[in-house]
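Participant: Build me a model from this:
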Amino acid sequence: MEKVKIKNVQTKKGYDVELEFENGRRMKVPHDFEIPKDYDGAEGMVERKNGQIARIVLGENEYKKAEIQQIENSKTNETKEGSSMSYSSNSQSKARAPYNFVPLNEKVVDAESVLEFNRYHKDRYSGHIDFELETITPLYIRRESGSSEFFSIDGKVKIPGSSMRGMIRAIIEITSFSKFKFFNDNRLYYRGLADMSSLREHYYQKINDKKAGYLIFKENKYFIRPAVDFNRFEDISREFEHEYDKKTKTWKVWSGKVGNKKKKNWVILEPEPSADTEIELSEQDVEDYKNDKNRGTPEKFDIFEMAEKHNEKYSNGVPVFYAPYTDSQNYARIAVGHTGFFRLPYEHIISDHIPENLKKDDIIDIPEAIFGVENKFAGRVFFEDLDLMQGQNNIFLSETSPKILSSPKPTTFQHYLKQDKSGVLKHWDNVNAIIRGYKLYWHRNTPDDAKEPFTWNEGKIIHDSQHAVITPIKRNIKFSGRIRFENFSEIELGALLFAIELPDKCYHKLGMGKPLGLGSVKICNVSLYIIDRRKRYFSLFVEGKDAWNMAIEKNKDTGKFKNFFNNYVLKGITEENRRVENLWDTRRMKLLKHILNWENSENPEWLKKTSYMQIKPENEFRKRPILAEPDKFCHKEKSD
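Facilitator: Residues are numbered from 1 along each chain as shown. The predicted model follows:
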């Protein structure tokens, strides 16, 4: 297909429509294409056969000779000149989100040798770290599924050690330049009908291969029996329905209503007579379809469940559309959907966009050495539940519902994939695209008062499928905690302390509701205690006292261990970064510090600038603005 621009040319009888190609050449469009006058100046795509116009695609509308071929979704606003396949130079300044990314590291820093677990080693450290945690914004961690109560054990409010473990490990993975292991590798789906990036052309190239058929379930497997053909019909009076026409032996398929421009739905003709043409769907095809949570179809229109029920209505199968494709592993696959312009799976999965050296299993990185590797060796660090410190009463806010937790998903590729300055956005099927990195949430000092702008709080309990009900802990409530460690090297102990004791004004994020501003916590009063093994086993009791000789001594110099870790990592990364002496002065760590810095929240515009972009009243995602890197984002915010 070729990119064109619509030009209306005034005539004595009215107007003619012409297509202007990128080389400046023009071609008149026959009147029976019936292109509406309000498309003047819009961009689109044209398909020509033997030099003649076969079809024209404008936004989400498709026009063929002698008919208006209305695409399933309604036409959005016409695109401006030059925006069809690229983003504008100022698009980065418009993107906002409550999250940002720390870029992937280029190199993995190997851990030291993992020692045997059958004894305490002479040159290693065992002991514990005591600390206090203070809530800077309200904190909520659910006690159990379906409950609004905060986490507790035997009626005593606690912060679970498992939550602390996950929070600290996430920081260690970034600071230690580790492998990138923990991500959801589901296949993503897309529909690029009116997309203003290169995804639109990509979508049309794939969806043009679609066919119609009937989904059948037998012998615990799914098959598609191809239909003879498919067509369109004019009727938008229904949504998500099937109707069989006995006279013509065809199925009418109504999909969802979007906007007020849609005029047509789909007709699927009878199945091909021979069962030999049936196409078996792989388990992966079915699993990928079911994992697409953004499909937006009602549960009653789940085509796989409809096929499984074997009811009389679908005795010959459920009418569907399908398209063959080859995935990134070179396997033949089938994409399937309920309508002619259905969501397609990307051929590439998320792991295809992670550098190979960050996925290798033949090396052990520092987080693995500390926390263990499943089925290989256990971790050597243990996080106890945090206790509420004494003398604090009335620690809870009222039971309420927070604002709906919505988020741009990884399908928002202009946020989740690293973009360049070429002017062409990379999506998940671009082979050379790399993910942005580690996703973290900004600190946001959102008001507790439901009447205030940008509040996290609905101000009432809402029982529906989108809202939760929570009883969060107030601000400035303190807990005490302990982390135990065994057989740690100086570097491993330094890595743990480095992740606990952040730079000044940098805080951690914990619990539920991070995008809304909940869960900002400050760790303070950190104390390191190390066991002196020789003293412990030299004497069973403390001399002159009726007490066990634990031989635990407070070590006041946590900075020493952090320096061991700091120097070890700097030595292991690139030569460029070795020119700095402090790990926090490397590019990645500066970006991490920007995200963790509480002082960002003091900017009067911060809550607005770190809120989610909206679809209504104006679709702020339409031009796919790119999210600026953390330092540029912060600088931009302060200069607004």
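
Participant: Residue 350: neighbour count?
Facilitator: By other C-beta atoms under 10 Å, 18 other residues sit near residue 350. (Glycine included, C-beta is placed from N, CA and C.)

Participant: Once you drop chain neighbours, what's closest to it?
Facilitator: Sequence neighbours aside, residue 185 is the residue nearest to residue 350 in space, at 5.2 Å (criterion: C-beta to C-beta, 6 or more residues apart in numbering).

Participant: Please apply the same query to residue 394.
Facilitator: Closest residue to residue 394 apart from its sequence neighbours, by C-beta to C-beta, 6+ apart: residue 474 at 7.9 Å.

Participant: wouldn't the one you found be in contact with residue 138 here?
Facilitator: Yes: using C-beta atoms under 8 Å, residue 474 is in contact with residue 138, at 6.3 Å.

Participant: quick one, which of the two is more surrounded?
Facilitator: Between residue 474 and residue 138, residue 138 has the larger neighbour count (other C-beta under 10 Å), namely 25 against 15.

Participant: got the contact list for the closest residue to that one other than its chain neighbours?
Facilitator: Of all residues not flanking residue 138 in the chain, residue 472 sits nearest, at 4.1 Å (C-beta to C-beta, 6+ apart). Residue 472 makes contact with 138-140, 150, 396-397, 513, 518 under the criterion C-beta atoms under 8 Å, 6 or more residues apart in numbering.

Participant: any idea which of those has the most stuff around it?
Facilitator: Result: residue 139 is most packed of the contacts of residue 472 (other C-beta under 10 Å), 27 neighbours.

Participant: mind listing what the spatially closest residue to that one that is not a sequence neighbour touches?
Facilitator: Once flanking residues are discounted, residue 139 sits nearest to residue 473: 4.7 Å by C-beta to C-beta, 6+ apart. For residue 473, the contacting residues are 135, 138-140, 150, 157, 395-397, by C-beta under 8 Å, 6+ apart.

Participant: swap in residue 96?
Facilitator: Neighbouring residues of residue 96 by C-beta under 8 Å, 6+ apart: 608-613, 627.

Participant: wait, is residue 414 part of a helix?
Facilitator: Yes: per DSSP: H, G, I helix; E, B strand; the rest coil, residue 414 lies within a helix segment.

Participant: Might one say that it is in contact with residue 628?
Facilitator: No: using C-beta under 8 Å, residue 414 makes no contact with residue 628, being 11.4 Å away.

Participant: shared neighbours, these two?
Facilitator: Residues touching both residue 414 and residue 628 (C-beta under 8 Å, 6+ apart): residue 95.

Participant: just to revisit the earlier point, with respect to pLDDT, which of the contacts of residue 96 ranks lowest?
Facilitator: Among the contacts of residue 96, residue 613 has the lowest pLDDT, at 88.

Participant: if I pick that residue, what's in contact with it?
Facilitator: 95-97, 408, 620-621, 625.

Participant: One more: residue 239?
Facilitator: By C-beta under 8 Å, 6+ apart, the contact list for residue 239 reads 254-257.

Participant: got it, and residue 136?
Facilitator: 443, 475-476, 507, 520-522, 598.

Participant: now these: which count as buried?
Facilitator: Neighbour-count burial (16 or more other C-beta atoms under 10 Å) applied to the contacts of residue 136 gives 443, 507, 520-522, 598.

Participant: just the strands in the stretch 201-350 of the chain please.
Facilitator: Ranges of strands within the stretch 201-350 of the chain are 211-218, 221-226, 230-234, 241-245, 250-254, 264-268, 279-280, 318-326, 332-337, 344-345, based on DSSP state E, counting those that start in this stretch.

Participant: Check which helices and strands the fourth one is in contact with.
Facilitator: Using 3 or more C-beta pairs under 8 Å, 6 or more residues apart in numbering; DSSP states H and E as the contact definition, the elements that strand 241-245 packs against are strand 250-254.

Participant: Partner strands of the strand it packs on and their direction?
Facilitator: Partners of strand 250-254 in the sheet, by DSSP bridges, are strand 241-245 (antiparallel), strand 264-268 (antiparallel).

Participant: average pLDDT for that strand?
Facilitator: Taken as a whole, strand 250-254 carries a mean pLDDT of 95.

Participant: how's the protein carved up into domains?
Facilitator: According to automatic domain parsing, the chain comprises the domains 2-70, 101-171+374-403+438-639, 189-351.

Participant: ok, and the helix or strand in this structure with the lowest average confidence?
Facilitator: Here the helix or strand of the chain ranked lowest by mean pLDDT, DSSP states H and E is strand 67-70, holding a mean of 34.

Participant: what about the very next helix or strand once past it, average pLDDT?
Facilitator: The helix or strand immediately downstream of strand 67-70 is strand 99-102, counting by DSSP states H and E. Mean pLDDT, strand 99-102: 97.

Participant: Can you tell me the strand partners of the helix or strand immediately after strand 99-102 in the chain and which way each runs?
Facilitator: Next along the chain after strand 99-102, taking DSSP H and E as the criterion, comes strand 125-135. Each strand paired with strand 125-135, and its direction, by DSSP bridges: strand 478-488 (antiparallel), strand 520-531 (antiparallel).

Participant: Quick one: work out the angle between the helix or strand hosting residue 170 and strand 478-488.
Facilitator: For residue 170, the host element (DSSP H and E) is helix 161-175. Computed with axes from the mean of the first three to the mean of the last three C-alpha atoms, to 10 degrees, the direction of helix 161-175 lies at 60 degrees from that of strand 478-488.

Participant: For helix 161-175, which residues meet the burial criterion?
Facilitator: Neighbour-count burial for helix 161-175, counted by 16+ other C-beta under 10 Å, picks out 161, 163-165, 167-175.

Participant: Using TSV, lay out these together with distance to residue 492 and pLDDT.
Facilitator: What follows is the buried residues of helix 161-175, written out as TSV (distance: C-beta to C-beta, whole Å; pLDDT from 0 to 100):
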residue	distance to residue 492	pLDDT
161	19	97
163	22	97
164	17	98
165	15	98
167	18	98
168	13	98
169	13	98
170	17	97
171	14	98
172	10	98
173	14	98
174	16	98
175	13	98
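
Participant: Out of these, flag the one nearest to residue 342.
Facilitator: Checking these against residue 342 by C-beta to C-beta gives residue 170 as the nearest, at 36.3 Å.

Participant: what separates residue 41 from residue 183, distance-wise?
Facilitator: Counting by C-beta to C-beta, to the nearest Å, the separation of residue 41 from residue 183 is 43 Å.

Participant: Please give me every residue in contact with residue 387.
Facilitator: Listed by C-beta under 8 Å, 6+ apart, the contact set of residue 387 reads 156, 158, 479-481.

Participant: Compare residue 414 and residue 628 (neighbour count), which wins?
Facilitator: Ranked by neighbour count (other C-beta under 10 Å), residue 414 and residue 628 place residue 414 first, with 23 against 19.

Participant: Quick one, grab the pLDDT at the more buried one.
Facilitator: pLDDT for residue 414: 93.

Participant: The chain should start at 27 in everything you say after this.
Facilitator: That works, and once the first residue is 27, the last one we named lands at residue 440.

Participant: For it, which residues are in contact?
Facilitator: Residue 440 sits next to 113, 121, 223, 451, 650-653 when contact means C-beta under 8 Å, 6+ apart.

Participant: how about those residues, which pair is most distant?
Facilitator: Checking those with C-beta to C-beta, the most distant pair is 223 and 653, at 14.7 Å.
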